[in-house]
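sequence first, then the predicted structure, then my questions.
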Amino acid sequence: MNKIIKDSILTVLRRMRKALKQRDSHLLAKLSNFTIHNSSIFQDEDSITTALVAYALSKIIAREKDQISDSDVDYIRKAIQKLQDHLRKNQEELFRDDMNTLIEDIKRLDSKVSIYFDEILQKSRIKKGSAIYSHGISLARVAKILGVSQWELMSYVGNTRIIDEEEKESVKKRLAFARSLFELV
């Protein structure tokens, strides 16, 4: 794993533990967005998985703030600490295995969480995929990295203003370029 990616994930995991302790869904969402930036640059699955978990936890905390017990929050925080330890020791495979275990454990914590965690994870893949796409990565590549269909991603991106903004910007750039050509004559 690239050192920049590892350091970034370690920072995000540390802050995730703090956000969970405070049950701060807004900070978890911000951490997810921060991690998506790295995933769009390096296109690595570890950043994407970390971003998805942070986003899903932000949604769960926001919806279930009073429903998730302190012991469940402590359990998740300890699991995140274990992820940090694996990264510090360069145990990347253990990190990935425990990240997958954490996802499954979060699903099992509560029947309500389990029911919509898959939905949240799928929606977060699509939403974060559109963010990666907006950074200039192709739709096909984003769909492949995140394990979603291109149709799902296109449907979501089509309902956002990402494409409109991209088209307006390119039209403005082309117009400015054309005008600059006439100024040279």
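Alright, I've got the coordinates.

any weak-confidence spans in the protein?
37-43, 64-67, 109-121, 124, 158-171, 174, 177-178, 181-185 (pLDDT under 70).

quick one: which helix or strand includes the most centrally placed residue in it?
Residue closest to the mean C-alpha point of the chain, counted by CA atoms, centre = their mean, is residue 51 at 2.8 Å. Secondary structure assigned from DSSP states H and E places residue 51 in helix 45-64.

and that helix, what's buried?
Using 16 or more other CB atoms under 10 Å as the test for burial, helix 45-64 gives 46-61, 64. Just so you know, the C-beta spots here come from the backbone N, C-alpha and C atoms, and that holds for glycine as well.

then stretch 7-25?
Buried positions in stretch 7-25, judged by neighbour count with 16+ other CB under 10 Å: 8, 9, 12, 13, 15, 16, 17, 19, 20, 23, 24, 25.

what's in contact with stretch 83-90?
By CB atoms under 8 Å, 6 or more residues apart in numbering, the surrounding residues in contact with stretch 83-90 are 1, 6, 9, 10, 13, 14, 92, 94, 95, 98, 99, 102.

Throw those into a markdown table and include distance to residue 82 and secondary structure, thanks.
Formatted as a markdown table, those follow (distance: CB to CB, whole Å; DSSP: H, G, I helix; E, B strand; the rest coil):
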| residue | distance to residue 82 | secondary structure |
| --- | --- | --- |
| 1 | 17 | coil |
| 6 | 15 | helix |
| 9 | 14 | helix |
| 10 | 13 | helix |
| 13 | 10 | helix |
| 14 | 13 | helix |
| 92 | 14 | helix |
| 94 | 9 | helix |
| 95 | 9 | helix |
| 98 | 6 | helix |
| 99 | 10 | helix |
| 102 | 9 | helix |
